[in-house]
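> The following block contains a protein sequence and its predicted model.
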Amino acid sequence: MSTISTVTVKVPATTANLGPGFDCIGAALQLHNEFKFTRNDSGLVIQVSGTEADKVQTDESNLLYQAFVKLYEYIQETPPSVKIEIKLGVPLARGLGSSATAIVGGLVAGNALAGSPLSDMQVMELAISMEGHPDNVVPAFLGGCRLAATGLNGWKICDLTWHKDIIPVVAIPDFELSTSEARKVLPTEISRADAIFNAAHLGLLLRALATSREEWLKAALQDKLHQPYRKALIPGYDDVETSALAAGAYGMVISGAGPTLLALTDNLHTQAVVTAMANAWKQEGITSHVRSLPIDVQGAVIL
Ligand SMILES: Nc1ncnc2c1ncn2[C@@H]1O[C@H](COP(=O)(O)OP(=O)(O)OP(=O)(O)O)[C@@H](O)[C@H]1O
Ligand SMILES: N[C@@H](CCO)C(=O)O
């Protein structure tokens, strides 16, 4: 029986898909949520701080708490009564994996308070099943850039090299787009030509990320499975893309399910790309927060 009474877990934001890697690759970014769980005797208490704190549920419907309960259901124990303190750094429903931080945070905290009965792989598989796809929860859990594929016997996860000279720039608009809404616009079937296009470009992307070879990066970010359908949900998409490319980005994609847009660039062009993307959205009447965010290599950590 564990004697731990409190645990704090820090979980990074993630950017999923990276263009052609729909539902299979994602990278962790240096922007975090922090979740502190403390056993108590007085029933569930959830306190939230940070921008957008008022948007997070503070009852049993809270996703972080649901993940915590899920862990205890899995190990067939009754979850303890807890106070949860949430410090929000990751904006909600913007395509930066906020739901994955909550799922990973709740499961990792639950496992720690329960005395660590589950292995990391078991926790991660629970997280994948809760989120429904692996591309946010896997890098949120492990850090770095990761590819996940269903294997013959469970998930196969591999780490991908992200060349140090490739700089991610995220342009986060002030409107939300839920993942479930952004998945509704996707077709259920695709053509063979589109499947081949994405397979080729995903292969190219993996080499481009590892080498930072310019002509590969410029071509590799193209996608035919989700972005052509989702663009319409993001006003100003084409203008922001044109401006980012003109300022020196290799390419631009939708981060996760959007509406955040992710450009990849180099050190030399980072500031110009940041300014260009913010200005392009401003001209559409959309306020955004645009910044470069380094890759997080730590993943979820217990502080
Ligand atoms: N810190 C949190 N605590 C509790 N619930 C959260 C937290 N962060 C996000 N959520 C839940 O997740 C929802 C957002 O999930 P959604 O999948 O739509 O977007 P996202 O995860 O931010 O983006 P994407 O999956 O495209 O990267 C929120 O509306 C909220 O219900
Ligand atoms: N692969 C997912 C990521 C967002 O959760 C999607 O694009 O819908």
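Yep, it's here. Ligands and ions are numbered 1, 2, ... in the order given.
> near ligand 2, which residues of the stretch 1-150 of the chain show up?
Applying CB under 6 Å from any ligand atom, we find that the stretch 1-150 of the chain lies next to ligand 2 at 16-17, 22-23, 133, 135-136. C-beta coordinates here come from the backbone N, C-alpha and C atoms, glycine included.
> mind listing the strands in the stretch 1-150 of the chain by residue range?
Counting by DSSP state E, counting those that start in this stretch, the segments of the stretch 1-150 of the chain that form strands are 6-16, 25-39, 45-49, 82-87, 145-151.
> Enumerate the residues of this structure near ligand 1.
Near ligand 1, when you scan the chain using CB under 6 Å from any ligand atom, you find 16, 33, 56, 62-64, 86, 88, 92-102, 136, 178-179, 256-257.
> So among those residues, which ones count as buried?
For the residues of the chain next to ligand 1, a neighbour count by 16 or more other CB atoms under 10 Å gives the buried set as 16, 33, 56, 62-64, 86, 88, 92-102, 136, 179, 256-257.
> what residues are up against the residue in the stretch 51-200 of the chain that ligand 2 sits nearest to?
Of all residues in the stretch 51-200 of the chain, T179 sits closest to ligand 2, at 4.3 Å by CB to the nearest ligand atom. By CB atoms under 8 Å, 6 or more residues apart in numbering, T179 lies in contact with 93, 99, 256-257.
> Can you tell me who T265 pairs with across the strands?
Beta-bridge partners recorded for T265 (DSSP bridges): I167.
> Confirm for me that it is in contact with G248.
Yes - between T265 and G248 there is a contact at 5.9 Å, judged by CB atoms under 8 Å.
> who has more neighbours, those two?
Per other CB atoms under 10 Å, whichever of T265 and G248 has more neighbours is T265, with 26 against 16.
> Ligand 2 versus that one, what's the distance?
22 Å (CB to the nearest ligand atom, to the nearest Å).
> roughly how far apart are that residue and A244?
8 Å (CB to CB, to the nearest Å).
> what about L202, neighbour count?
20.
> can you tell me how far R94 sits from F175?
9 Å.
> hang on, the earlier thing: now, which of the contacts of T179 sits nearest K224?
For the contacts of T179, the closest approach to K224 (CB to CB) belongs to A257, at 16.5 Å.
> Leaving out sequence neighbours, find the closest residue to that closest one.
A182 (3.7 Å; CB to CB, 6 or more residues apart in numbering).
> Now do the same contact list for the one you found.
Contacts for A182 (CB under 8 Å, 6+ apart) come out as 230, 233, 257-258.
> So it: helix, strand or coil?
Following DSSP: H, G, I helix; E, B strand; the rest coil, the label given to A182 is helix.
> Between which two of the residues of the stretch 1-150 of the chain next to ligand 2 is the distance greatest?
F22 and N136, at 12.4 Å, using CB to CB across these.
> between R94 and F175, what contacts are shared?
Once CB under 8 Å, 6+ apart is applied, the residues that R94 and F175 both contact turn out to be P259.
> What's the separation between the nearest residue to I46 once chain neighbours are set aside and F141?
Nearest residue to I46 in three dimensions, chain neighbours excluded: T58, at 4.1 Å (CB to CB, 6+ apart). As judged by CB to CB, T58 and F141 stand 25 Å apart.
> quick one: which of those two has more around it?
Using other CB under 10 Å, the more surrounded residue of T58 and F141 is F141, with 28 against 16.
> can you pull the pLDDT of that one?
Looking at F141, its pLDDT is 98.
> May I ask you to confirm that it is in contact with L126?
No - contact criterion CB under 8 Å: F141 and L126 do not qualify, at 10.4 Å.
> quick one: common contacting residues for T265 and A244?
169, 273.
> quick check: longest helix of the protein.
Of all segments of type helix in the chain, defined using DSSP state H, the longest is helix 192-211.
> Keeping just the C-alphas, turn that helix into CSV.
Output of helix 192-211 as CSV, limited to C-alpha atoms (Å, rounded to 0.1, in the frame of the first residue of the first chain):
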residue,chain,number,x,y,z
ARG,A,192,-5.6,5.3,-53.6
ALA,A,193,-3.8,8.4,-55.1
ASP,A,194,-4.2,10.3,-51.8
ALA,A,195,-3.1,7.3,-49.7
ILE,A,196,0.1,7.0,-51.8
PHE,A,197,0.7,10.8,-51.6
ASN,A,198,0.6,10.7,-47.8
ALA,A,199,2.7,7.6,-47.5
ALA,A,200,5.4,9.1,-49.7
HIS,A,201,5.3,12.5,-47.9
LEU,A,202,5.4,10.9,-44.4
GLY,A,203,8.5,9.0,-45.4
LEU,A,204,10.0,12.2,-46.8
LEU,A,205,9.1,14.1,-43.6
LEU,A,206,10.9,11.6,-41.4
ARG,A,207,14.1,12.1,-43.4
ALA,A,208,13.6,15.9,-43.7
LEU,A,209,13.1,16.2,-39.9
ALA,A,210,16.3,14.2,-39.2
THR,A,211,18.5,16.1,-41.7
